[in-house]
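>>> Okay, here's the prediction I keep looking at, along with the sequence it came from:
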Amino acid sequence: MIESLLPEPGPKLVAGRPRMPDRQALCGILFVLHTGIQCGYLPHELGFGSGMTCWRRLAAWNEAGAWDELHLVLLKKLRSAKQLDWPRAVIDSSHVRAARRGPKAVQARSTARPGSKHHVLTDGHCIPLAVSLTGGNRNDVAQLLPLLDKVQAVVGRVGRPGRRPDMLFADRGYDHDKYRRLLRQRGSRPAIAERGQQHGTGLSTFRWVVERTISWLHGFRRLRIRWARERNKTARLRVRSPCGGRLGRRGGSRLVCVAAAGE
């Protein structure tokens, strides 16, 4: 499935060693993702090629949009199998520590240290629908509409393709009348906890799914600490991998989705 979405390699300009097969390069990328090591320290004994080879291969696949296409294919399969809870969506974010500061490093207001944020939008079954990466000081509600607009139309069943969830759940960080109004204009009913209200509204019985997806995401050690200064490189070893894992458990095939989240 993944092989058919990868771009064709260009002709070799100079003679030399044969090109590393895409399968081995993908295994090297996944090894870095799971273990958390830097690409330059990828052991040659594993047979995955050099770390820079995996780095360049990942950059080429990102530029070709292979991960977005793979994510859409997996969502279609889930929807055709009736395993996608499309009417209900949940959004949340999580702070990630940055080991290296970029040229315009900022301090996260909530943690007083530089870092980034993973913003994740899932369905009611923990399947990520859209992801994004921002600075650690970015307000959560600023990514509400961009994430919702990033959700692609998913076919797989008879009828109109799914695009907008019927209801969107969020915590108090997204409490704003302006965004409630904009959500209703997009056809989604907001279910957002209000600031100043006592806990116990019952929304946590629905919002736990996105927290579990973020927990799955941070189970990959490479994603717990951001090493790359550019958000469109190593930061893209990310967020939709829980999608592949869940399809593997439900569909019987072990598919891995390593998707771009740094758009």
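Perfect, thanks for sending it.
>>> Every contact and neighbour count from this point should use C-alpha atoms.
Will do.
>>> Could you name the helices and strands sitting against the longest strand seen in the chain?
Longest strand in the chain, counting residues (DSSP state E): strand 88-98. Under the contact criterion of 3 or more CA pairs under 8 Å, 6 or more residues apart in numbering; DSSP states H and E, strand 88-98 touches strand 115-123, strand 167-170, helix 204-217, strand 225-226.
>>> can you give me the offset of the shortest one from its chain's centre?
In other words, strand 225-226. With CA atoms, centre = their mean, to the nearest Å as the basis, strand 225-226 stands 14 Å off its chain's centre.
>>> Kindly provide the distance from residue 123 to residue 57.
Residue 123 is 31 Å from residue 57, where distance means CA to CA, to the nearest Å.
>>> more crowded one of the two?
Ranked by neighbour count (other CA atoms under 10 Å), residue 123 and residue 57 place residue 123 first, with 23 against 18.
>>> List the beta-bridge partners for that one.
residue 89 (DSSP bridges).
>>> What distance do you get for it to residue 49?
From residue 123 to residue 49 the distance is 37 Å (CA to CA).
>>> Residue 43 now?
8 Å.
>>> out of these two, which sits in the more crowded spot?
residue 49 (19 against 13).
>>> Let me see the contact set for the more buried one.
20, 24-25, 28 (CA atoms under 8 Å, 6 or more residues apart in numbering).
>>> As a markdown table, those with secondary structure and neighbour count would be great.
Shown next, in a markdown table, are these (DSSP: H, G, I helix; E, B strand; the rest coil; neighbours: other CA atoms under 10 Å):
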| residue | secondary structure | neighbour count |
| --- | --- | --- |
| 20 | coil | 15 |
| 24 | helix | 15 |
| 25 | helix | 22 |
| 28 | helix | 25 |
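>>> between those, which is closest to residue 222?
Among those, residue 28 lies closest to residue 222 (CA to CA), at 12.7 Å.
>>> show me the contacts for that closest one.
Residue 28 touches 42, 48-49, 51, 54, counting by CA under 8 Å, 6+ apart.
>>> Of those residues, which one scores lowest on pLDDT?
Lowest pLDDT of these: residue 49, 86.
>>> Let me know the secondary structure of residue 56.
On the three-state scheme (DSSP: H, G, I helix; E, B strand; the rest coil), residue 56 is labelled helix.
>>> on that earlier part again, okay, the angle between the longest strand of the chain and strand 115-123?
160 degrees (axes from the mean of the first three to the mean of the last three CA atoms, to 10 degrees).
>>> Please state the offset of strand 88-98 from the chain centre?
10 Å.
>>> Over stretch 206-222, what's the mean pLDDT, rounded is fine.
87.
>>> Show me which parts of it are buried, residue by residue.
206-207, 209-211, 213-214, 216-218, 220, 222 (16 or more other CA atoms under 10 Å).
>>> ok, those vs residue 177, which is closest?
Taking CA to CA as the measure, residue 177 lies nearest residue 207 of those, at 19.8 Å.
>>> That closest one contacts residue 120, doesn't it?
No. With contacts counted by CA atoms under 8 Å, residue 207 stays clear of residue 120, the gap being 11.8 Å.
>>> what do the two both touch?
Contacts common to residue 207 and residue 120, judged by CA under 8 Å, 6+ apart, are residue 91.
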